[in-house]
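Asks: structure for this input, please:
(chains A and B)
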Amino acid sequence: MITLESVRKSYDDEVSIGPVDLQIPAGGVTALVGPNGAGKSTLLTMIGRLLGMDSGAISVAGYDVSSTKSKDLAKIVSILRQENHFITRLTIRQLVGFGRFPHSKGRLTTADEELISQAIDFLELGELENRFIDELSGGQRQRAYVAMVLAQDTDYVLLDEPLNNLDMKRSVQMMQHLRRAAAEMGRTIVIVLHDINFAGHYADHICAVKDGAVIEFGAPEEIMTGEVLSRVFDTPVDVIDGPRGPLAVYF
Amino acid sequence: MTLAEAARRRNEARRNRTAESPQGTVDPSPSGSAVSSARGAASAKAPLFGWPLLLGIVGVAILLALSLLTGVYDIFGGDGGAEMFQITRIPRTIALVLAGAAMAMCGLVMQLLTQNRFVEPTTTGTTEWAGLGLMLTVIVYPDASIVARMVGAIIAAFVGTLVFFVFLRRVSLKSSLIVPIVGIMLGAVVGAVSTFIAVQTDMLQSLGIWFAGSFTSILRGQYETLWIVAAVVVAIFILADRFTVAGLGKEIATNVGLNYNQILLLGTVFVAIATGVVTVVVGNLPFLGLIVPNIVSLIRGDDLRSNLPWVCLLGIAIVTICDLIGRIIVMPFEVPVSLILGVVGAAVFVALLLRQRKVG
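Replies: I've put the predicted structure just below:
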């Protein structure tokens, strides 16, 4: 379980987050949704201890993120940010191998190699594993990053808009991969999503964030209503019964 | 189910699959799967010493032998030829090896820490700071020993590199070309301060001689402190994986549990020590740390651990070739190696810039 207790963070007078109190249950996929600038990514980044908070406390699986050693947290929770740019020319396999760093400190064992192969196959990158990251399309690169955090083998996986750069087919596949990771490997996946319909279809829990505060948390059926979504996104939203479940329509 | 279990299950399925194919039958490890061990060998566990590396070592050895045999003095026929050989040729060649390897490695570490391909001690001002430190030490203590001068140079190089890093963090201009421009400007300012102080204290000539990197004056009894950089090279080898992880950026590094600021500081200390020592003993070796890691990376990708021997070798090779050219072209006189390196390095730098623009 991920617990946030009166978490606050302010950048300047205009942008501030919190106080946020939130409990994200273990297991399944939890989607953070909300308008731009609501603070979804900031919350995620603070849970993943990449960003400090001004006050309050966050714990993941009972470990306080500000007091637990970073190298120990790296075996409990992994986080992937939206923008990943580096100049290092690595192959997919080498990149995914760095996901094993918390466990192996760089000296990969046979067991590490198997987990790396597994993560690569899980994201269907087997054919590309010896290609350099900078030669890949945005979508392939995105999958390689996700493979890296899966290879880290943490119970909690935090992803900041992993559907960025992915086309329709790849977005659907990515969500199916993540659902499988949650179901088959018992991972707890927290993910920032832009498209409310993806959240409604694939998430087990939806957490709606607006103006730096959590305003709704619940199962998709509770959130996917015209009234709630209109309030969250500040624009008229209708929810209709689609052939594969409820659909938010906002055009 | 953990990923480990999933992996095991998958690999069992794989074993069954590959057992049917002829190449899948070669499986040296009893527990590992044929596929994953074969795949592992292809990348993460590439052998460190293959035949290309042996060839590289032989090539560098030939260059070093040439360096030992090149010179005005006839070491075979002349009086005390053997002694001359020991006093000048051997120290000079050892200095080439140490300085070449250390500066190339420093370039690589700085490029990883700044995530910028165009950064190295001479494009970040580190060398100029080391020169300033050296000069201030000599002004304050005119009789300073070579070790004291080095300490002065190292401290100034460290402070200067930190200034550069702090500046980079403040402006957060990570675009690839702005970073070296900022560094070169910073270096120019520091160099101007050094020149001003030198003019005021009548040291302009000494300053010019210090800055021009040259192996001419490397003699037995004067270069031995250069061995310090060998320790730096070994330390970089040991911490190679951490530097590579740091090269993936602060967020990814923190995510896998690396103490990013600590490794940044450690890398800066290494770079400062190597640059400080090399600046005092040899002088300025421009562009070496820039061109070597870039060439190695272009050819081999960026697996730091297996690249390090290549970075060392290529660094040694380029310095040695440039030094040989410097010794030969105006024989029986010499031009400083920094002059040749500057010309070669600038050409490669421009070529890299153009290539970068093409790639986008």
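
Asks: so is the residue nearest to A:A203 when sequence neighbours are not counted in a helix, a strand, or just coil?
Replies: Using C-beta to C-beta, 6 or more residues apart in numbering or on different chains and skipping the chain neighbours, the partner closest in space to A:A203 is A:A31 (3.8 Å). Just so you know, the C-beta spots here come from the backbone N, C-alpha and C atoms, and that holds for glycine as well. Three-state assignment for A:A31 (DSSP: H, G, I helix; E, B strand; the rest coil): strand.

Asks: gap between A:A31 and A:I189?
Replies: The span separating A:A31 from A:I189 equals 9 Å under the rule C-beta to C-beta, to the nearest Å.

Asks: show me what the residue nearest to A:A203 is bridged to.
Replies: Under DSSP bridges, the beta-bridge partners of A:A31 are A:I191, A:I206.

Asks: mind checking how far it is from chain B?
Replies: Taking C-beta to the nearest C-beta, to the nearest Å as the measure, A:A31 and chain B are separated by 20 Å.

Asks: then A:K105?
Replies: Counting by C-beta to the nearest C-beta, the gap from A:K105 to chain B is 7 Å.

Asks: what's near enough to touch that residue?
Replies: B:D241 (C-beta atoms under 8 Å, 6 or more residues apart in numbering or on different chains).

Asks: what about the strands in the stretch 151-300 of chain B?
Replies: Secondary structure of the stretch 151-300 of chain B by DSSP state E, counting those that start in this stretch: no strands are present.

Asks: who in it is up against chain A?
Replies: B:174, B:176, B:240-242, B:244-245, B:247-252, B:254-259, B:297 (C-beta under 8 Å from any C-beta of the partner chain).

Asks: could you rerun that using 10 Å?
Replies: Counting by C-beta under 10 Å from any C-beta of the partner chain, the residues of the stretch 151-300 of chain B close to chain A are B:174, B:176, B:239-242, B:244-260, B:297-298, B:300.

Asks: buried among these? Make that a ChimeraX selection.
Replies: Here is the ChimeraX command that selects only those of these that count as buried (16 or more other C-beta atoms under 10 Å in any protein chain shown):
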select /B:239,240,241,242,244,245,246,247,248,249,251,252,253,254,255,256,257,258,259,260,297
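
Asks: which stretches of the stretch 51-200 of chain B have low pLDDT?
Replies: The model of the stretch 51-200 of chain B has pLDDT under 70 over residues B:72-78, B:171-176.

Asks: so which residues of it form helices?
Replies: Assigned helices in the stretch 51-200 of chain B, in chain order: B:51-69, B:81-84, B:90-114, B:126-140, B:146-171, B:178-200 (criterion: DSSP state H, counting those that start in this stretch).

Asks: the fourth one - contacts with which helices or strands?
Replies: Translated: helix B:126-140. Using 3 or more C-beta pairs under 10 Å, 6 or more residues apart in numbering or on different chains; DSSP states H and E as the contact criterion, the neighbours of helix B:126-140 among helices and strands are helix B:90-114, helix B:146-171, helix B:178-200, helix B:204-211, helix B:260-281.

Asks: which parts of that helix are buried?
Replies: Using 16+ other C-beta under 10 Å as the burial criterion, the residues of helix B:126-140 that qualify are B:126-138.

Asks: which pair in those has the greatest spatial separation?
Replies: Checking the buried residues of helix B:126-140 against each other with C-beta to C-beta, the farthest-apart pair comes out as B:T126 and B:V138, at 19.0 Å.

Asks: about what we covered before: and the helices of the stretch 51-200 of chain B as CSV, adding distance to A:E161?
Replies: Formatted as CSV, the entries for these read as follows, by distance: least, C-beta to C-beta, whole Å:
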stretch, distance to A:E161
helix B:51-69, 42
helix B:81-84, 68
helix B:90-114, 27
helix B:126-140, 38
helix B:146-171, 25
helix B:178-200, 27
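
Asks: and the end-to-end length of stretch B:252-271?
Replies: With C-alpha to C-alpha, to the nearest Å as the measure, the ends of stretch B:252-271 fall 23 Å from one another.

Asks: just how off-centre is it within its chain?
Replies: Here stretch B:252-271 is found 18 Å from its chain centre; the criterion is C-alpha atoms, centre = their mean, to the nearest Å.

Asks: do stretch B:107-117 as well
Replies: In this view, stretch B:107-117 has its centroid 10 Å away from the chain centroid, taken as C-alpha atoms, centre = their mean.

Asks: is that stretch anywhere near chain A?
Replies: Yes. Contact between stretch B:107-117 and chain A, assessed by C-beta under 10 Å from any C-beta, occurs at B:111-112, B:114-117.

Asks: now that we have those, which one has the most neighbours?
Replies: Of those, B:L112 is surrounded by the most neighbours, 26 neighbours in total, counting by other C-beta atoms under 10 Å in any protein chain shown.

Asks: nearest residue to that residue other than its sequence neighbours?
Replies: Among residues not flanking B:L112 along the chain, B:G247 sits closest, at 3.5 Å (C-beta to C-beta, 6+ apart).
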